[in-house]
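K.L.:
Have a look at this prediction, sequence included:
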Amino acid sequence: MHWQDREAWIWSYGVYTRYPFQGALYGLPPQMLEECLVGAIEARFGPLQEGTAGAAVRDAPHNFEEFIYSVWGADVARHFAIPYNRKLWAVPLNETETSWLGGRVQLPNLEEMIEGALSPAPKPMGPDARFGYPLRGGFQALMDGFLPLLQGELRHHAEVCAVSPRRHTVRLTDGSMYRYERLISTLALPKLVEALGEEAPPEVRAAARGLRHVSVRCVNLGIGREGLTDKHWIYYPEDTVFHRIFVQGNASPHCNPPGGFGLTGEISHSPQKLLPVEGDALIARCIEDCCRVGIIRDDDRIIAAHQLDLPVAYVVYDHARAASVDLIREWLLSHDIILAGRYAEWEYYNSDHAFLAGKRAAEAALTPAAAPVAARIA
């Protein structure tokens, strides 16, 4: 593994500031910096001047949008948190709750905010301030490391089309059938319930239909110039088509070919926020915006350009999610189906959480008391 400090930055108002915005205000125009600090103080303690607006939300926030205003203040909200999160989540922020924030969104206190406003280089914040990436082989190398440990048959490109809890069988699109005692599923939860068909009760099917998600279109670019930037992730709250760039070329010193450099523009979309264009026009728009924000130059040679859609990328934590997931999970467990991973558990997991979820699922499947198995009929 190649371990590094996470270089995460924000491009806004023509300058780079460290991520998270609320903890690293240094470098912003002085007036904006003052507004953000005063707004954060007023969000906690009320208006500094009598008769002025401040601390609009005094009770515990009921949704993510209220949380932003009540914890970070109106000006951090206006300059970054509201536009960026609307751009990322592609749904109204007042329709989402905040249980996913813990350990993921950094919550600097006032002292840390002031330090981040005065210091040009505050240390990276958060649980992923330092991260590891395979030195060679890309992220796939992590999965490949498990291959020698697997026992039994491993099938590639095996698409599941039907799951029968009653018969304890899984059918693939090629017609092959597998019988199970306990099934560990990593399918996106709505897809799994869809595969169950009418064997799932109406309330389970209704709960699954109500689960919401955000899709992400990844535009991968190979640029004919080395060393475009020293950053890993760059966040864009303004009017670029992408909400974030992942600088793949810096994940490992072996990611780039000689003379080249790779990066990915991430573009969230949903039924409420459609992609502005499709196909080659989307790639062209991404390249244009990369030039506009200075990550590449107009005269840079584009060696490769490719796009990939992630239909289910982010789980939307709306106010119905928790109850719906609990209902579905409990019914599945009663039929010997164990959920594992970001999309099966319908949680906002990072890769480390996903690996641990796989470990928990394996342990549950191997524990007799965890999920009693009924007698099977051949």
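P.N.:
Ah, there it is.

K.L.:
Do you have the strands of the protein handy? List them.
P.N.:
Under the criterion DSSP state E, strands of the chain are mapped to 2-5, 8-12, 15-18, 130-133, 160-164, 169-172, 177-179, 183-185, 213-223, 233-235, 244-246, 261-269, 302-315, 337-339.

K.L.:
Note down every partner strand of the second one and its orientation.
P.N.:
What it means is strand 8-12. strand 15-18 (antiparallel), strand 233-235 (parallel) (DSSP bridges).

K.L.:
now the longest one
P.N.:
Paired neighbours of strand 302-315 in the sheet (DSSP bridges): strand 213-223 (antiparallel).

K.L.:
Check the strands paired with strand 8-12 for me and report the most buried one.
P.N.:
Of all the strands paired with strand 8-12, strand 233-235 has the most neighbours on average by mean count of other Cβ atoms under 10 Å, namely a mean of 21. For every residue, glycine as well, the C-beta is placed using N, CA and C.

K.L.:
any idea how far that one is from the chain center?
P.N.:
Here strand 233-235 is found 13 Å from its chain centre; the criterion is Cα atoms, centre = their mean, to the nearest Å.

K.L.:
how about the strands of the chain, which one is nearest residue 204?
P.N.:
Nearest to residue 204, of all the strands of the chain, is strand 337-339, at 11.3 Å by Cβ to Cβ.

K.L.:
re the thing from before, which stretch among the strands of the chain comes nearest residue 119?
P.N.:
Proximity to residue 119 (Cβ to Cβ) singles out strand 15-18 among those, at 9.7 Å.

K.L.:
other SSEs contacting the lowest-mean-pLDDT helix or strand in the chain?
P.N.:
Lowest on mean pLDDT, DSSP states H and E among the helices and strands of the chain sits helix 110-118, with a mean of 87. Helices and strands touching helix 110-118, by 3 or more Cβ pairs under 8 Å, 6 or more residues apart in numbering; DSSP states H and E, are helix 30-45.

K.L.:
neighbouring contacts of the helix it packs on?
P.N.:
With contacts defined as Cβ atoms under 8 Å, 6 or more residues apart in numbering, helix 30-45 is touched by 13, 22, 25-26, 28, 48, 54-55, 69-77, 79, 110, 113-114, 117.

K.L.:
what separates the closest residue to residue 83 other than its chain neighbours from residue 168, distance-wise?
P.N.:
For residue 83, ignoring the flanking residues on the chain, the nearest one in space by Cβ to Cβ, 6 or more residues apart in numbering is residue 237 at 4.5 Å. The gap separating residue 237 from residue 168 is 49 Å, by Cβ to Cβ, to the nearest Å.

K.L.:
and what of residue 250?
P.N.:
The gap separating residue 250 from residue 168 is 47 Å, by Cβ to Cβ.

K.L.:
ditto for residue 331
P.N.:
15 Å.

K.L.:
ok, now residue 351?
P.N.:
Distance, residue 351 to residue 168, by Cβ to Cβ: 31 Å.

K.L.:
and the two? which has more neighbours close in?
P.N.:
Applying other Cβ atoms under 10 Å to residue 351 and residue 168 shows that residue 168 carries more neighbours, namely 20 against 14.

K.L.:
What is the neighbour count of residue 179?
P.N.:
12.

K.L.:
May I have the beta-bridge partners of it?
P.N.:
Here residue 179, judged by DSSP bridges, has bridge partners residue 169.

K.L.:
Ok, the one 4 residues further on next?
P.N.:
In this structure, residue 183 bridges to residue 337 when assessed by DSSP bridges.

K.L.:
Look at it and say how many residues are nearby.
P.N.:
Residues near residue 183, counting by other Cβ under 10 Å, number 21.
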